[in-house]
Every structure is written in structure tokens, then in C-alpha cells.
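S.K.: When you get a sec, could you give me coordinates for this:
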Amino acid sequence: MLRSSRHAKILEIISTKEIETQEELCAELNARNLVVTQATISRDIRDLHLFKVAGIEKKYRYAYINDGESEISPKMKNLFRECVISVKAAKNLVVVKTLAGNGANAGAVVDKLNYSEIVGSVAGDDTLLIVCDSEENAAMIVEKINGFMR
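M.R.: Residues are numbered from 1 along each chain as shown. Just a heads-up that it's a prediction; the model follows:
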């Protein structure tokens, strides 16, 4: 099966079922006669920029939010607003505290914002660490992120 067809099927599955693990996603695809390995699913998850959000039936589920543009969709903006607890500067660093399990989600949004003052970022479970090119720009990023959340 072509990768694009498999990606479309993955997006269809995660939009209709709560899929918590790569193994579950493999099983769903295999049940639809699409034989895939966990390694393939891992690459597909990365390529599709899937991330985990809190589930209703399960603890977490895979989700996909993309408007096809480099801009932030309203749904992604709302997700960011809901999961961020605080944004603080510490020298040339910005520390974004999030609800548990949402550090990577916050990182995905900040990456899409594409602020030139950001050198890079690292996401943990409930924290996003943003490295800026100067202390002044770190303060500016805090203001920009707080403005984005309004």
C-alpha cells in the first residue's frame, strides 16, 4: 500500500477510535488487511506529526491537528491555551509549564509559531524548555506566547 493511502487510513482510524499505542494502531491496520510493522507505524506517527492527548475511554489517544498551512488552527490554539499553566523567562530560557502529558503538544505549537528568536526547544512530560538567542528575546517570547494565549 502506498504511504499516502496508509496515512489516510491512520487518520481515519484515530478520528473514529481512541488509539493509545502503536501496537493498537498496528492491530487496527492489520484488521483492515493492511499489514504493517511497529517500525512503519512509528515512522508514520512522526511523519503525520501525531501527538497524544487525554482520552475519554483511555488515558491517552493519538490526535492530529493540522490545517494544511504553517499557521496555527483554532483547534490547536485552544489546545495550547487549555494545557499551558505558566510561561516564565529565566535568562535566555523560557520555561512553559503544562498539564501532565502536554509538554510535547505545547512544543508542537511553539515550533509552528516559527519565532526567529527561538534557537530550539525541548519538551518533557509537563514542561517545555525554549532556548532563545538572548535574555531580551526570551522576555519578548514570553510576551508573544502570553499574547497568543489570549
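S.K.: okay, now the domains of this protein?
M.R.: Following automatic domain parsing, one gets these domains for the chain: 3-63, 74-148.
S.K.: for these, which one ends up most surrounded?
M.R.: For the domains of the chain, average neighbour numbers computed from mean count of other Cβ atoms under 10 Å are highest in domain 74-148, which has a mean of 17. C-betas here are computed from N, CA, C, even on glycine.
S.K.: rewinding a little: switch the domains of the chain over to a markdown table; also include mean pLDDT.
M.R.: A markdown table is the format used below for the domains of the chain (pLDDT from 0 to 100):
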| stretch | mean pLDDT |
| --- | --- |
| domain 3-63 | 90 |
| domain 74-148 | 93 |
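S.K.: ok, the most centrally placed residue in the chain - contacts?
M.R.: Closest residue to the average C-alpha location of the chain: residue 105 at 3.4 Å, with Cα atoms, centre = their mean. By Cβ atoms under 8 Å, 6 or more residues apart in numbering, the residues touching residue 105 are 51-53, 79-80, 83, 98.
S.K.: sec struct for it, please.
M.R.: Look at residue 105: counting by DSSP: H, G, I helix; E, B strand; the rest coil, its state is helix.
S.K.: quick one: it and residue 73, what's the gap?
M.R.: Residue 105 sits 13 Å away from residue 73, going by Cβ to Cβ, to the nearest Å.
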